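Student: following is a predicted model, sequence given first.
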Amino acid sequence: MNQLVSVIVPVYNIDAYLTKSVATILSQTYSNIEILLIDDHSKDNSFPVMENLAAQDDRVKIFRLDHHRGVSSARNFGIKKAKGTFISFVDGDDLLAPQFIEALIEQMNDEIALATVGYQWGYRNAASSEKVQLLSRKEIFAAVNSFGSPIGGYIWNKLFRSAVLLDEKILFDEKIALAEDLWFTAEYIAKAPQATFSFLPQMLYQKVNRPTSTIHQASRDMRQMEQIIRRKIDTLGKQIKN
């Protein structure tokens, strides 16, 4: 399989992290990729860093939103610009193992809706073996709202089909400031026409704890909205039979 993978990276005030993060994408063992850097109108030097990265490798495509819109808007912009058969989402301060995309692609066939791999996030080392597990829709959906799950509802350790996003009109809800990724993943799993999902419990994505990230600075209102979204996901899950 050698289909194009679009790697969508939202960027907002991460100039100190971006070069290192993108370097791990460019060094992937699977080279047929395009990297879409979407600057959400950063106030630091993120955009000049992006320009430098694009000048060094023509797989890097850069865009800048006309005003600060939020991470969901930046990702939606990337989805609409993506040309790949598959889409991967990477946060611009995180790090990838060299075989991250290759491991995701190798799990994909016509019956697989979504592929996912393990991750490292602080004390959570979500990996246990190198044996691929095939899961039903109900089984993988149960992991979306499960705290500490090696699969989780996170978007950044997964590979999505562009056609499913387009055909089912799945985008990020721009009104949600926290847990937007959980709802996006839950909706994708519920609507994907393929009924089988794949998981490789190998730790290939490293989540970097940045003190200024949204998850560390979330307000009380944002936390309350997160709980509403989680209840909404639970309600959706009850409609899934297998």
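Tutor: Arrived safely, thanks for sending.

Student: pull out the C-alpha coordinates of stretch 73-92 and format them as CSV.
Tutor: Extracted in CSV, the C-alpha atoms of stretch 73-92 (Å, rounded to 0.1, in the frame of the first residue of the first chain):
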residue,chain,number,x,y,z
SER,A,73,-11.2,25.2,13.1
ALA,A,74,-7.6,24.7,12.2
ARG,A,75,-8.1,20.9,11.9
ASN,A,76,-11.3,21.4,9.9
PHE,A,77,-9.3,23.7,7.5
GLY,A,78,-6.7,20.9,7.2
ILE,A,79,-9.3,18.3,6.4
LYS,A,80,-10.7,20.4,3.6
LYS,A,81,-7.2,20.9,2.1
ALA,A,82,-6.0,17.3,2.6
LYS,A,83,-5.4,15.3,-0.6
GLY,A,84,-4.5,12.0,1.1
THR,A,85,-6.5,8.8,1.1
PHE,A,86,-5.9,8.7,4.8
ILE,A,87,-5.6,11.4,7.4
SER,A,88,-3.5,11.5,10.6
PHE,A,89,-3.6,14.3,13.2
VAL,A,90,-0.5,15.3,15.1
ASP,A,91,-0.2,17.9,17.7
GLY,A,92,2.7,20.2,16.9
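
Student: the nearest residue to L135 once chain neighbours are set aside is in what secondary structure piece?
Tutor: Excluding the flanking residues, the one nearest L135 by CB to CB, 6 or more residues apart in numbering is F197, at 4.6 Å. Using the backbone N, CA and C atoms, a C-beta is placed for each residue, glycine as well. Counting by DSSP states H and E, the element that carries F197 is strand 196-207.

Student: list the contacts of A179.
Tutor: Contacts for A179 (CB atoms under 8 Å, 6 or more residues apart in numbering) come out as 225-226, 229-230.

Student: whoops, I mixed them up, E111
Tutor: 194-196.

Student: closest one of those to N32?
Tutor: Nearest to N32 among the contacts of E111 is Q194, at 21.8 Å by CB to CB.

Student: would you confirm that the closest one contacts M108?
Tutor: No: with contact defined as CB atoms under 8 Å, Q194 does not reach M108; the gap is 9.9 Å.

Student: who has more neighbours, the two?
Tutor: The neighbour comparison of Q194 against M108 (other CB atoms under 10 Å) goes to M108, with 19 against 15.

Student: low-confidence ranges in the chain?
Tutor: Residues of the chain meeting the criterion pLDDT under 70: 123-129, 210-223.

Student: helices or strands up against the lengthiest helix in it?
Tutor: Ranked by residue count, the top helix of the chain under DSSP state H comes out as helix 220-237. Packing partners of helix 220-237 (3 or more CB pairs under 8 Å, 6 or more residues apart in numbering; DSSP states H and E): helix 137-144, helix 180-191.

Student: looking at those, spot the one closest to D40.
Tutor: Of the helices and strands packed on helix 220-237, nearest to D40 by CB to CB is helix 180-191, at 13.7 Å.

Student: and the gap between the residue nearest to Y17 when sequence neighbours are not counted and K80?
Tutor: Nearest residue to Y17 in three dimensions, chain neighbours excluded: D93, at 3.8 Å (CB to CB, 6+ apart). Here the criterion is CB to CB, to the nearest Å. By it, D93 lies 24 Å from K80.

Student: who has more neighbours, the two?
Tutor: Taking neighbours as other CB under 10 Å, D93 and K80 compare with D93 leading, 19 against 10.

Student: may I see the buried residues of stretch 67-78?
Tutor: 69-78 (16 or more other CB atoms under 10 Å).

Student: next, give me the two most distant ones among those.
Tutor: Counting by CB to CB, the most remote pair of these is G70 and G78, 13.1 Å apart.
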